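A.B. asks: just coords:
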């Protein structure tokens, strides 16, 4: 039997689809030359949503850490950018530094929060987000509760500013997509998926759960910080209540659940869907959010693997080779 | 003297937080899940009572008499429709569904009642405003005493229910091992549904007291959930009386913070919570989990 099957990373269709995706990703850099600026701005929003969905999926889908407080890092990234630009750091450099600072914040918070499990972790992260929002609102230099604008980008003409912001956002998106891809491809990928499926069983087989969770938490902190800083660069104005608002967690939950929790492609699909829904239905206010909540509950209960599972089960190949497949040997 | 007053008011405020927290603690103790919609269900209860008082002209405490059975049924149905199914989906699913539920309840209230800030204080009459003056600076409000007394009664009642009744024994058995409990004829889903019903009813009670004591609006839920959770963690997870002490510690932290500067009130509560989490004892607090609801 054994010589009639072989374990493979990818077949020809998977290689083709992966190459196409890489080419599309790189071609996205050309968008500002071909499309109007409002489309560029919309795509920037889509990319920040994609980063958030991916990071929340890394936490909840792979680490089993459902966070209701990732807005702590989103807000921290945005306000760290403000803090740095107030000290004459160039704005785009400040965004990169703010993302790194958010990663460091995650390192500092990890010993405190990672000892919590399940719902305790969820609410624990939320308290951190609330505490940070209150601290920021107390600081008059950061605009207090009324909000603050990002200065330092005024020198650039609006068209170029949007293009630069878009390029930086896209670069972060591709960087994080690559990081998560490599994380899943390497030895750690098997361990992470083992934790996803059953933490106790994984630990009993010798998977070092704690360092891996720490890594996922820090990666998610870094990514969400970047998303927050880039949201600020895209909108140029933030308020503590909205950037630290729990609605970010609701959006992330929706994107990941609808797309497919614990899959690589699911959050990408979820982010695109959410982006379109927001475009069409956001005008309905409370009804729109009620709809989001109902759909999220329905997916959690009836289609827990999300929309991507529908495609994944039918496709004869993977879009990206993150796992292994059994094929008959030739 | 202002600090003495702050501590006293904090203790009474703690009664309210304990009342919010006991339902959260009960559901966690029995089902091992944290109901992220707990605060929003409390606000839902407060709005129900608000509707009853405006339409019937009754006081909020009279309106509680029909409202509590309604919320018991709401809790029971909530478990039968959403929670029971999500419990089968693994440890993460209840968190995802209750968070989704929180969004739905909050925005449905926003849609139905507008974002206006309301209070039941006016409808409650003298009990909401009256107080005993002990000294020039220290006074005891009737309402604070009533809330704390209710909290002690509810916690004591739950304690007796768990310790002394057949249903309490079933709940403790299910909390320890649902499968074995089912083997000896205690169906877990029925026990869970009743526990959820009780938890939602206590949340309603807390929501109404919040509404009488100060103000509430459609988006008040999440803050109350956070306070309730902080009270539970400070007091020790799964311990009912610990919840009361936890609520009082949180209340005192907030009132002392507010005495220094009103802006520091909630922040001081968060800080105490984070300190408890960071302290070495924070670990052992969670070690009590096995003896949940004991």
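C.D. replies: That came through fine. Just so we're clear, the structure is a prediction, and the values are computed from it rather than from any experiment. Numbering: from 1, shown residues only, chains lettered A, B, ... in the order given.

A.B. asks: in the stretch 1-150 of chain B, what residue lies closest to chain A?
C.D. replies: In the stretch 1-150 of chain B, the residue found nearest to chain A is residue B:34; the distance is 2.6 Å by CB to the nearest CB. For glycine as for every other residue, the C-beta is placed from the backbone atoms N, C-alpha and C.

A.B. asks: which residues touch the closest residue to residue B:258 other than its chain neighbours?
C.D. replies: Closest residue to residue B:258 apart from its sequence neighbours, by CB to CB, 6 or more residues apart in numbering or on different chains: residue B:265 at 3.7 Å. Contacts for residue B:265 were tallied using CB atoms under 8 Å, 6 or more residues apart in numbering or on different chains; they are B:254, B:255, B:257, B:258.

A.B. asks: farthest pair within these?
C.D. replies: B:255 and B:257 (7.2 Å; CB to CB).

A.B. asks: part of a helix, is the residue of the stretch 1-150 of chain B closest to chain A?
C.D. replies: No: with the criterion set as DSSP: H, G, I helix; E, B strand; the rest coil, the secondary structure at residue B:34 is coil rather than a helix.

A.B. asks: so what's the residue nearest to residue B:258 scoring on pLDDT?
C.D. replies: Reading off the confidence values, residue B:265 has pLDDT 89.

A.B. asks: go on, the one 5 residues further on?
C.D. replies: Confidence per residue is given as pLDDT, and for residue B:270 that number is 92.

A.B. asks: gap between it and chain A?
C.D. replies: As judged by CB to the nearest CB, to the nearest Å, residue B:270 and chain A stand 4 Å apart.

A.B. asks: excluding chain neighbours, give the residue nearest to residue 103 in space.
C.D. replies: Because you didn't say which chain, this covers chain A. Using CB to CB, 6+ apart and skipping residues adjacent in sequence, the residue nearest residue A:103 is residue A:222, 3.5 Å away.

A.B. asks: was after chain B, sorry
C.D. replies: Counting by CB to CB, 6+ apart, the nearest residue to residue B:103 once its immediate chain neighbours are dropped is residue A:293, at 3.6 Å.

A.B. asks: what's the answer for residue A:221, then?
C.D. replies: Distances taken as CB to CB, 6+ apart place residue A:106 nearest to residue A:221, at 2.6 Å, with adjacent residues excluded.

A.B. asks: what's the burial count for the one you found?
C.D. replies: 24 (other CB atoms under 10 Å in any protein chain shown).

A.B. asks: got it, and residue B:101?
C.D. replies: Applying other CB under 10 Å, I find that residue B:101 has 24 neighbouring residues.

A.B. asks: okay, it: pLDDT?
C.D. replies: Per-residue confidence at residue B:101 stands at 95 (pLDDT).

A.B. asks: quick one: it and residue B:47, what's the gap?
C.D. replies: Between residue B:101 and residue B:47 the distance is 16 Å, computed by CB to CB, to the nearest Å.

A.B. asks: give the contact list for the residue nearest to residue A:103.
C.D. replies: A:99, A:100, A:102, A:103, A:106.

A.B. asks: cool, residue B:122 as well?
C.D. replies: Residue B:122 touches residue B:128, counting by CB under 8 Å, 6+ apart.

A.B. asks: please repeat the previous calculation with a cut-off of 10 Å.
C.D. replies: Neighbouring residues of residue B:122 by CB atoms under 10 Å, 6 or more residues apart in numbering or on different chains: B:53, B:60, B:128, B:129, B:212.

A.B. asks: excluding chain neighbours, what is closest to the third one?
C.D. replies: With CB to CB, 6+ apart as the measure, residue B:121 is the residue that lies nearest to residue B:128, at 4.3 Å, once sequence neighbours are left out.

A.B. asks: what's the burial count for that neighbour?
C.D. replies: Counted by other CB under 10 Å, the residues lying close to residue B:121 total 17.

A.B. asks: these two touch, right, it and residue B:141?
C.D. replies: No: the pair residue B:121 and residue B:141 fails to qualify as a contact (CB atoms under 10 Å) at a distance of 11.2 Å.

A.B. asks: low-scoring pLDDT stretches of the chain, where are they?
C.D. replies: Here I'm looking at chain A. Residues of chain A meeting the criterion pLDDT under 70: A:1-3, A:316-319, A:321, A:323, A:325-327, A:329-330.

A.B. asks: switch to chain B, that's the one I care about
C.D. replies: For chain B (pLDDT under 70), the answer is B:1, B:238, B:280-294.

A.B. asks: remind me, longest helix of it?
C.D. replies: Secondary structure of chain B per DSSP state H: the longest helix is helix B:2-31.

A.B. asks: pull out the buried positions in that helix.
C.D. replies: By neighbour count on 16 or more other CB atoms under 10 Å in any protein chain shown, the buried set for helix B:2-31 is B:5-6, B:8-31.
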